[in-house]
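In: quick one: sequence plus predicted model below, questions after.
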Amino acid sequence: MGICRGPRRGLVRVLLLLLPLAMILPVPLYDRVSPSLAGIPFFYWYQLAWLVALSAFLYAAGRLERCGVGA
């Protein structure tokens with residue numbers, strides 16, 4: 001049984017959307033300067049990395065949403 005036909009498809013979509021939020025909200029987790037990446041403090045590149053990852057998570061959630069359409 002694939003992910004498109006499983007009963008947990010909705011749960012997977014919710015988790016895909018909540019994970020980036022859960023990693024960005026606790027600011028004390030990443031409120032520091034080091035380690036820096038190419039001179040950019042950790043605080044900024046951590047958020048930027050999650051912004052890029054969020055687009056992949058949104059794409060995956062959208063694909064799961066469209067799995068049942070037209071089937």
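Out: Done, it's in. Please read these numbers as outputs of a predicted model, since none were measured by experiment.
In: ok, longest helix in this structure?
Out: helix 42-66 (DSSP state H).
In: from the contact counts, what lies against that one?
Out: Counting contacts by 3 or more C-beta pairs under 8 Å, 6 or more residues apart in numbering; DSSP states H and E, helix 42-66 packs against helix 9-24. Backbone N, C-alpha and C define where each C-beta goes, glycine included.
In: quick one: mean pLDDT over the helix it packs on.
Out: Across helix 9-24, pLDDT averages out at 87.
In: just checking, what packs against it?
Out: Counting by 3+ C-beta pairs under 8 Å, 6+ apart, helix 9-24 packs on helix 42-66.
In: show the contacting residues for residue 19.
Out: residue 57 (C-beta atoms under 8 Å, 6 or more residues apart in numbering).
In: buried ones in the longest helix of the chain?
Out: Buried residues in helix 42-66, defined by neighbour count with 16 or more other C-beta atoms under 10 Å: 45, 46, 50, 54, 57, 61, 64.
In: could you dump the residues you listed to CSV with distance to residue 31?
Out: Shown next, in CSV, are these (distance: C-beta to C-beta, whole Å):
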residue, distance to residue 31
45, 13
46, 9
50, 14
54, 20
57, 23
61, 28
64, 33
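In: distance of residue 40 from residue 12?
Out: Counting by C-beta to C-beta, to the nearest Å, the separation of residue 40 from residue 12 is 33 Å.
In: oh sorry, the question was meant for residue 23
Out: 17 Å.
In: likewise for residue 42?
Out: Taken as C-beta to C-beta, the span from residue 42 to residue 12 is 30 Å.
In: could you do residue 62 as well?
Out: 12 Å.
In: equivalent analysis for residue 51, please.
Out: 21 Å.
In: cool, residue 49 as well?
Out: Applying C-beta to C-beta to residue 49 and residue 12 gives a distance of 22 Å.
In: with residue 52 instead?
Out: The spacing between residue 52 and residue 12, counted by C-beta to C-beta, is 21 Å.
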